[in-house]
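J.: sequence plus the predicted model coming up.
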Amino acid sequence: MSTAPSDVLNPMDSFWHDDLATADPEIAEAIGKELKRQQDKIELIASENIASKAVLEATGSVFTNKYAEGYPGKRYYGGCDYADVVETLAIERAKQLFGCNFANVQPNSGSQMNQAVFLALLEPGDTFMGLDLNSGGHLTHGSPVNMSGKWFNPVSYGVRQDDEMIDMDAVAATAREHKPKLIICGGTAYSRQWDFAAFRKIAGEVGAILLCDMSHISGLVAGGAHPSPFPHCDIVTSTTHKSLRGPRSGIILWNDEKYTKPLNMAVFPGLQGGPLMHVIAAKAVAFREALRPEFKTYAHRIVENARALAASLEENGLRICSGGTDNHSMLVDLTAKDVTGKDAEKGLDRAWLTCNKNGIPFDTRSPFVTSGIRLGTPAGTTRGFGPSEFRKIGALIAEVVDGLSTNGPEGNGQVEERVRGKVAELCSSYPVYPDA
Ligand SMILES: *Cc1c(COP(=O)(O)O)cnc(C)c1O
């Protein structure tokens, strides 16, 4: 029995060609509002950015239709000619961008890229070392609620209490005591430069594999605004959607051929099935953007802006953990203001400044409340803010926090309204997608 074209949703039907607003008004409306939110508020979440139109276009491309299990030239499906083109370009560009010999561009996310490294190199129960979550480490570096902490044996290192910087003597002592199979450097809320050479020395001494998870700083590394983890680290993982400004995803990079088979096998078929070819296409686009000379300027501008923001916050009476920043991010300690991170996040959001509450080193409050906020400059730098705009933003943040300090969680409504006005002025001068 044949089915009439009108009974199935297919290209014969007019609604196949409807735009999203017609086909699904509810979702279209939410997307439109999200665009407006990104336009009208200042994005200070350190792990977010604003991807280019070309990156968005590749992410929304017809590669979303394609199954391409396997790797270029060795696929389990037919019709992979153009998938091979795209993935090969992504690999070659990633290698060129970060100066390494091998790349796997298939991990669907940052968490999965790290899971792949664990699957490739460790056995369940093996000991590894990572930065303590309370000192700015990531969930996938040994949190008790994450697979890394449940199935493996994490030992952590932290920052010193007096200057809130990573204590390399303690890293060495912990490594000697526990003899981890893997040492991870890199984190999500650490604003100082990483001393990769010092980690290499310690890893070499105890015979550990050295992994750098450069997710937060990979845009700075790509643009020469932070030292590269190569050649010191054996394996380097990174998300592609933070300072690197690509689509939401992950990559794994390495130099020694001995890791090629275990890492590739761990990503597919170890953890994943069909790779997200549309996202891999978008990664290739983002790597090409990051190879342009303008990206170096962008990366250095992120750091310059972070220093301006930190200085302005300090001038306006707020304490920056570790006394400043070398990268794109900072932790603001609100203890002296008697304001929680939770209340600050909400108050700032009412004033159209978007950030996240974050534990500070040796925080006495729970992760749901916290004593700090984390701020970052990659997204603001993308839309065009420079140091003078970030100095203004620092003053606005301090005004909102002072309102919370005086009035409690409700904050100062008049101050928040005035700040909203200033935010609106800044945002209208620097549109995120000018022709959207
Ligand atoms: C963001 C981040 C991840 C995880 O990335 P997801 O894509 O959110 O899974 C892993 N490691 C570090 C250091 C990160 O900052």
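T.: Everything's here; your move. Numbering: from 1, shown residues only.
J.: could you pull up the residues touching the residue of the stretch 1-150 of the chain found nearest the ligand?
T.: Closest approach of the stretch 1-150 of the chain to the ligand (CB to the nearest ligand atom) occurs at Gly110, with a separation of 2.1 Å. Using the backbone N, CA and C atoms, a C-beta is placed for each residue, glycine as well. Counting by CB atoms under 8 Å, 6 or more residues apart in numbering, Gly110 touches His138, Thr140, Asp213, Ser215, Thr237, Ser238, Thr239, Gly250.
J.: now do Leu291
T.: Applying CB under 8 Å, 6+ apart as the definition, the contact partners of Leu291 turn out to be Arg93, Gln96, Leu97.
J.: redo that, cut-off 6 Å
T.: Residues near Leu291 by CB atoms under 6 Å, 6 or more residues apart in numbering: Leu97.
J.: next up, phi/psi of it, please.
T.: Backbone torsions of Leu291, given as degrees, to the nearest 10, read phi -80, psi -10.
J.: ditto for Val236
T.: Taking degrees, to the nearest 10 as the convention, Val236 sits at phi -130, psi 130.
J.: other SSEs contacting the helix or strand bottoming out on mean pLDDT in the chain?
T.: Evaluated with mean pLDDT, DSSP states H and E, the helix-and-strand set of the chain has its lowest mean pLDDT in helix 20-23, which scores a mean of 92. Identification of packing neighbours for helix 20-23 by 3 or more CB pairs under 6 Å, 6 or more residues apart in numbering; DSSP states H and E yields no helix or strand.
J.: and Ala83, what helix or strand is that in?
T.: helix 81-98 (DSSP states H and E).
J.: can you tell me what sits against the helix or strand just after that helix?
T.: Along the chain past helix 81-98, the next helix or strand (assigned with DSSP H and E) turns out to be strand 102-104. Residues outside strand 102-104 that contact it (CB under 6 Å, 6+ apart): Ile91, Ala94, Lys95, Ile252, Leu253, Trp254, Thr260, Leu263, Asn264, Val267.
J.: note down every partner strand of strand 102-104 and its orientation.
T.: strand 250-254 (antiparallel) (DSSP bridges).
J.: what angle separates the strand it pairs with from helix 81-98?
T.: With axes from the mean of the first three to the mean of the last three CA atoms, to 10 degrees as the criterion, the two stretches strand 250-254 and helix 81-98 enclose an angle of 60 degrees.
J.: so which bits of the stretch 151-300 of the chain are right by the ligand?
T.: Taking CB under 6 Å from any ligand atom, the part of the stretch 151-300 of the chain that reaches the ligand is made up of Gly186, Gly187, Thr188, Asp213, Ser215, His216, Thr239.
J.: tell me the pLDDT at Asp18?
T.: We note a pLDDT of 86 for Asp18 in this prediction.
J.: residues of the stretch 1-150 of the chain that sit close to the ligand?
T.: For the stretch 1-150 of the chain, the residues in contact with the ligand (CB under 6 Å from any ligand atom) are Ser47, Ser109, Gly110, Ser111, Asn114, His138, Thr140.
J.: about what we covered before: now the residue of the stretch 1-150 of the chain closest to the ligand: closest residue in space that isn't a chain neighbour?
T.: Across the structure, with CB to CB, 6 or more residues apart in numbering as the measure, the residue nearest Gly110 apart from its sequence neighbours is Thr239 (3.9 Å).
J.: try Leu20
T.: Nearest one to Leu20, counting by CB to CB, 6+ apart, is Ala28 at 4.5 Å.
J.: and the residue of the stretch 1-150 of the chain closest to the ligand, how far from Arg192?
T.: For Gly110, the distance to Arg192 equals 21 Å [CB to CB, to the nearest Å].
J.: mean confidence for the lengthiest helix in the chain?
T.: Scanning the chain for the helix with the most residues, using DSSP state H, yields helix 293-315. Averaged over helix 293-315, pLDDT sits at 98.
J.: and what of stretch 327-345?
T.: If you average the pLDDT over stretch 327-345, you get 98.
J.: quick one: buried residues of that stretch?
T.: By neighbour count on 16 or more other CB atoms under 10 Å, the buried set for stretch 327-345 is 327-334, 337, 339-345.
J.: which residues does that stretch contact?
T.: For stretch 327-345, the external contacting residues (CB under 6 Å, 6+ apart) are 46, 189, 191, 217, 220, 243, 302, 306, 310, 318-321, 357-358, 360, 369-378, 401, 404-405, 409.
J.: among those residues, which are in helices?
T.: Using DSSP H to define helices, the subset of the contacts of stretch 327-345 located there is Leu220, Ile302, Ala306, Ala310, Pro378, Val401, Leu404, Ser405.
J.: neighbours around the closest residue in space to Phe287 that isn't next to it in sequence, how many?
T.: In space, and not counting its chain neighbours, Phe287 is closest to Arg93: 3.7 Å by CB to CB, 6+ apart. Residues near Arg93, counting by other CB atoms under 10 Å, number 21.
J.: likewise for Gly32?
T.: The burial count assigned to Gly32 is 13, neighbours taken as other CB under 10 Å.
J.: and what of Thr370?
T.: Thr370 sits with 24 neighbouring residues when counted by other CB under 10 Å.
J.: quick one, phi/psi of the nearest residue to it once chain neighbours are set aside?
T.: Using CB to CB, 6+ apart and skipping residues adjacent in sequence, the residue nearest Thr370 is Gly341, 3.3 Å away. Main-chain dihedrals, Gly341, degrees, to the nearest 10: phi -60, psi -40.
J.: ok, now Tyr71?
T.: In this entry, Tyr71 is assigned phi and psi values of phi -130, psi 160 (degrees, to the nearest 10).
J.: what's the pLDDT at it?
T.: As predicted, Tyr71 sits at a pLDDT of 98.
J.: in three-state terms, label the nearest residue to Asn316 once chain neighbours are set aside for me.
T.: With CB to CB, 6+ apart as the criterion, Asn316 has its nearest non-adjacent residue at 3.4 Å, and that residue is Ala398. Secondary structure assignment for Ala398 (DSSP: H, G, I helix; E, B strand; the rest coil): helix.
J.: these two touch, right, Ala398 and Arg319?
T.: No - contact status for Ala398 versus Arg319: not in contact, 11.3 Å apart, counting by CB atoms under 6 Å.
J.: these two: which has the busier surroundings?
T.: Between Ala398 and Arg319, counted using other CB under 10 Å, the more crowded position is Ala398 (20 against 16).
J.: right, I'll leave it there.
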